[in-house]
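K.L.:
coords please:
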Amino acid sequence: QVQLVESGGGSVQAGGSLRLSCAASGIIFSVGDMGWYRQAPGKQRELVAGISSGHVTSYADSVKSRFTISRDNAKNTMYLQMDSLQPEDTAIYYCNAAVQIHYADLHFYTNWGQGTQVTVSS
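P.N.:
Numbering: from 1, shown residues only. Predicted coordinates for the structure are as follows:
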């Protein structure tokens, strides 16, 4: 089994910064694409940023130039540096990772973390 554990959420004022971490552990042969999603109250979950195993990144338009996604493949850990936070960034942030659990099994299984709350006040 694979576990994804997020940390780093909290409450900040508008204009502040937070750094989220997501650590993958368990039965892991290789970690493929990873991403951060968020879900605000009454809204659908949305992709915030993604990163491939080769460090190719993508961002939602709403967070471009404010958020930076990165990963440390040696530690199976992903990060999200969030700067210039705004009240509309308030949401539960979820970590997502595609994991290969055995060299003989070429399938990458999707895993989710439990979520971490980010609250931005004006």
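K.L.:
Please make it C-alpha for all contacts and neighbour counts, starting now.
P.N.:
Fine.
K.L.:
which residues sit in contact with the most centrally placed residue in the chain?
P.N.:
Of all residues in the chain, the one closest to the mean position by CA atoms, centre = their mean is Trp36, 2.8 Å from it. Contacts of Trp36 were listed using CA atoms under 8 Å, 6 or more residues apart in numbering, and they are 47-50, 80, 93-96.
K.L.:
Strands of the chain, start to end?
P.N.:
Here the chain has its strands, by DSSP state E, at 2-7, 10-13, 18-26, 30-39, 46-51, 57-59, 67-72, 77-82, 91-100, 109-112, 116-121.
K.L.:
And Asp61, how far from Lys75?
P.N.:
29 Å (CA to CA, to the nearest Å).
K.L.:
If you could redo that for Ala97, that was the one I meant.
P.N.:
14 Å.
K.L.:
which one of these two has more residues nearby?
P.N.:
Ala97 (29 against 10; other CA atoms under 10 Å).
K.L.:
surely Gln1 meets Gly26?
P.N.:
Yes - counting by CA atoms under 8 Å, Gly26 is a contact partner of Gln1 at 5.7 Å.
K.L.:
where do the contact lists of those two overlap?
P.N.:
What both Gln1 and Gly26 touch, as defined by CA under 8 Å, 6+ apart, is an empty set.
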